[in-house]
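Chemist: everything below, folded, please.
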Amino acid sequence: MSLVTCHYFVTSKRELNHVAGRCIGNRYQIGASVQRVIAVCTFVALLCACGADNAGDAADPDRTVPLPPSQIQLTAALTPFESCEPFLRHVKTNALDMVSPWGIGGGYFPETMEAEMLRGSPQAIADSATSVPEVDYSTTNIQEAGVDEPDIVKTDGRRIVALVDNTLHVIDATGQQLQRLGEFEFKKFWAQDMFLSDDRVVVFGQMHDTTPLLRSVQPRPGWHSPITTLMSVDISESMPRITRRLHIDGSYISSRLVNNAARIVIQSNPTGLEWVYPNGSGLRAERDAKEQNRQLIEESTIDNWVPWFALENSEGQLLQEGTLTACKRIYHPASNSGLQMLNVVTVDLGKELFEERLASTSVLADGQTVYSSKNNLYVATTEWFDQRQPQTDRETSSDQPPTINTRIHKFDISDPTNTLYRSSGQVIGTVLNQYSMSEHNDHLRIATTNHGWWSPQPEAASESFVTVLKETDVGLSEVGRVGNIGKGERIYAVRFLGDIATVVTFRQTDPLYTIDLSQPESPKVLGELKILGYSAYLHPVGDNLLLGVGQDASDTGQRLGTQVSLFDISDLSKPIRVDQWQLPGGTSEIEYNARAFLYWPNENLFVLPVTTHQIATPDGDAFSGAIALELTGQTLDERGRITHLKSDPKVTCQRWLEERADGKEIERQHCWVDFDWRGAIRRSLVIDDEIHSLSSLGLLTSDLKTLEPLSFLAF
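Modeler: Modelled structure (predicted):
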């Protein structure tokens, strides 16, 4: 269980359960009450652990889990509000039920983080190569063919557009050397990623300004209201210029692009509610503050509960503003689902940004992890407790520990001009990232880990599942599940390949599981391979090979450095590792962000950004840059290395004597690597016979065959 900081004041047993559920996994803003909440979280964890019944149904030998009706949990399709009046009544009722002397949740709302640092893949395996006439070039490493994902660098084969240190760089890639066309530095704006569409770049990020969008609200000191901003940048001329800015209340989660139609997922919270805090100590002060907060809720309007948007032109002049989503396009469950709102905004990148009325669909729910096929978009979120379950049910149900579930909301994106809510469902456990989900033949497959946090020995109690869902009249219904995967471990990587799922779990060793999903009602584990270390990202190569990027490890689970494994899965009952490559002390961004991975199928070439932070000896392999691995048959060979550093990394070692149990002393040594972090390579891309690598220092052009440096464009 990881330690998390929260900003909550606990005043009731009901709120105690609410806090405990949130504390276990969500990240909250740091506040004055951190120590008190940590104690509360610890108390609740111990309380639940002591009362938990560890005896569960034994899994079948083939791990397929039977689905007795009492254990099948469904989330029925949500209902749209008929108008703003029932919407306002609904949120006020829920808010009054949740309010405390410090507002709702202590007067602050959680900062949404994108829990999808990233990947696993469905039936249509996307490669990173495409072309324009007479030009071959690589694209972002995406999960699904035909579904583009935002990133910090994009190319159309003629230009390279890069986001580095909050500056947008536009580079001409058609000549003998890269030529700078222009650059634009963003102010009071944290640029996270972008899409490139012809001569338009749409940049997504967060505003640093804490002023709320609704200008009638006067913020008090310490106000924090996250604002998502979309910047439309014209790059048709030499200097990029902003043409439109769209600001939306809420935190940017992620986005997807299908046929030039972008879907932007934003998590928003109520705004403009100036909560009153107790003036002094004692019950009377708390009671008075709570009563005033109840009055604030009673007097609130639609503007406080539905996110606000503001559209500006290039000069910052307001073109239009208002509530983001019409009340009739806001969906809700029958019971209290909280006050956060999950918003999916549709944008046509083929037109000037928002020439027409905004198209937005919203759900009263959390949102954390985004996955998309070409026709449907799914947003998943972890619910650590079901706080909507009646309190009496939780207190009287002692035969089962509280479950941690993942809720999934499905949206239809087949119409490029509109997004429609379809249905919702839930599964046991938590997802790792977007690659934990895959749509295939009208079924959603999802891999989760139930961490067993309620057990006195959580690691021993944890296990993983692959669950199959199908949309029915009552929502996303579970039709099949296989469990007992990686007992005592958690999922580190997932890759779906048509009717097959490959799942990596890890604690001390790395079991790679192959799972047959051809019969959705009865998925089965076919094979299992145990090796040292683990893969954090899996990439299919042809029909029978799978490449894994992760960490080597000792037999006790200690991480030793970057490891690339090549698996032969032609016999699904007996997957084997046929080759491996290692860099002691190394780490790679690919381990948590698969967009950093480059596969160039024309050359059977894999390019990985790698940095060593610790090595065993002063003459160890200290390196920061990119490694190019070439696949020949079933053999991995290092073609070469690329680095942006002008000098070798500095190695510093510390030696000491350690006394053993028998009284003898042995010499120990620890070495670490210092280097200019700006030279760490983040991305690599191919255009024709050259490979371009990106760091904060600039773009290095190298020969694709030899990897010899040709030119460097400094930023």
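Chemist: show me what the helix or strand containing residue 469 is packed up against.
Modeler: Using DSSP states H and E, residue 469 maps to strand 463-472. Judged by 3 or more C-beta pairs under 8 Å, 6 or more residues apart in numbering; DSSP states H and E, strand 463-472 is in contact with strand 420-428, strand 443-450, strand 475-485, strand 500-506. Glycine gets a C-beta too; all of them are placed from N, C-alpha and C.
Chemist: need those strands in CSV (columns: mean neighbour count, distance to residue 330 and mean pLDDT).
Modeler: Shown next, in CSV, are the helices and strands packed on strand 463-472 (neighbours: other C-beta atoms under 10 Å; distance: least, C-beta to C-beta, whole Å; pLDDT from 0 to 100):
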stretch, mean neighbour count, distance to residue 330, mean pLDDT
strand 420-428, 22, 9, 96
strand 443-450, 25, 23, 97
strand 475-485, 22, 18, 96
strand 500-506, 25, 35, 96
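Chemist: what are the buried residues along the strand holding residue 469?
Modeler: If you call a residue buried by 16 or more other C-beta atoms under 10 Å, then strand 463-472 has these buried ones: 463-471.
Chemist: would TSV of these with distance to residue 379 be doable?
Modeler: What follows is these, written out as TSV (distance: C-beta to C-beta, whole Å):
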residue	distance to residue 379
463	25
464	21
465	20
466	19
467	17
468	19
469	14
470	18
471	15
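Chemist: what's the most distant pair in those residues?
Modeler: 463 and 471 (26.7 Å; C-beta to C-beta).
Chemist: who are the contact partners of residue 536?
Modeler: 492-493, 504, 549-551, 590-592 (C-beta atoms under 8 Å, 6 or more residues apart in numbering).
Chemist: please identify which of those residues is nearest to residue 632.
Modeler: Of all those, residue 632 sits closest to residue 549, with 18.6 Å by C-beta to C-beta.
Chemist: from what I can see the closest one touches residue 534, true?
Modeler: No: counting by C-beta atoms under 8 Å, residue 549 does not reach residue 534; the two are 10.2 Å apart.
Chemist: residue 322 and residue 311: what is the separation?
Modeler: Distance of residue 322 to residue 311, computed by C-beta to C-beta, to the nearest Å: 9 Å.
Chemist: returning to what we had before: any idea which of the helices and strands packed on strand 463-472 gets closest to residue 665?
Modeler: With C-beta to C-beta as the measure, strand 500-506 is the member of the helices and strands packed on strand 463-472 nearest residue 665 (34.4 Å).
Chemist: A strand includes residue 644, no?
Modeler: No: with DSSP: H, G, I helix; E, B strand; the rest coil as the criterion, residue 644 is coil rather than part of a strand.
Chemist: who's in contact with it?
Modeler: When contacts are counted by C-beta under 8 Å, 6+ apart, residue 644 is found next to 625, 679-681, 693, 695, 697-698, 700, 712.
Chemist: show the pLDDT at it.
Modeler: As predicted, residue 644 sits at a pLDDT of 97.
Chemist: list the buried ones in the helix or strand residue 309 falls within?
Modeler: Taking DSSP H and E as the criterion, residue 309 maps to strand 308-313. By 16+ other C-beta under 10 Å, the buried positions in strand 308-313 come out as 308-312.
Chemist: where does the stretch 151-300 of the chain have low pLDDT?
Modeler: 208-224 (pLDDT under 70).
Chemist: hey, where'd the helices end up in it?
Modeler: Here the stretch 151-300 of the chain has its helices, by DSSP state H, counting those that start in this stretch, at 283-298.
Chemist: any idea how far residue 318 is from residue 572?
Modeler: Per C-beta to C-beta, residue 572 is found 59 Å from residue 318.
Chemist: measure stretch 360-377 end to end?
Modeler: 14 Å (C-alpha to C-alpha, to the nearest Å).
Chemist: residues of it that come out buried?
Modeler: Neighbour-count burial for stretch 360-377 flags 360-374, 376-377 (criterion: 16+ other C-beta under 10 Å).
Chemist: touching, residue 425 and residue 474? I think so.
Modeler: No: counting by C-beta under 8 Å, residue 425 sits too far from residue 474 to count as a contact (9.1 Å).
Chemist: which SSE is immediately downstream of the strand holding residue 309?
Modeler: Strand 308-313 is succeeded, C-terminally, by strand 318-323 (DSSP H and E).
Chemist: now that following strand against strand 308-313, angle please.
Modeler: Comparing the axes of strand 318-323 and strand 308-313 via axes from the mean of the first three to the mean of the last three C-alpha atoms, to 10 degrees yields an angle of 170 degrees.
Chemist: what's the mean pLDDT across whatever helix or strand comes next after strand 318-323?
Modeler: On the C-terminal side of strand 318-323, the nearest following helix or strand under DSSP H and E is strand 330-332. The average of the pLDDT scores along strand 330-332 is 95.
Chemist: strand 330-332 pairs with which strands?
Modeler: Take DSSP bridges as the rule and strand 330-332 pairs in its sheet with strand 79-80 (antiparallel), strand 359-363 (parallel).
Chemist: residue 275 is nearest to which of those strands?
Modeler: Nearest of the strands paired with strand 330-332 (C-beta to C-beta): strand 359-363, 23.4 Å.
Chemist: just checking, what packs against the helix or strand that comes right after that closest one?
Modeler: Sequence-wise, the next helix or strand downstream of strand 359-363 (DSSP H and E) is strand 369-372. The contact analysis (3+ C-beta pairs under 8 Å, 6+ apart) places strand 369-372 against strand 251-258, strand 376-383, strand 437-440.
Chemist: try 6 Å this time
Modeler: Secondary-structure packing of strand 369-372 (3 or more C-beta pairs under 6 Å, 6 or more residues apart in numbering; DSSP states H and E): strand 376-383.
Chemist: got a list of contacts for the strand it packs on?
Modeler: With C-beta atoms under 6 Å, 6 or more residues apart in numbering as the test, strand 376-383 has contacts from 25, 263, 342, 366-371, 405-411, 413, 430-431, 437.
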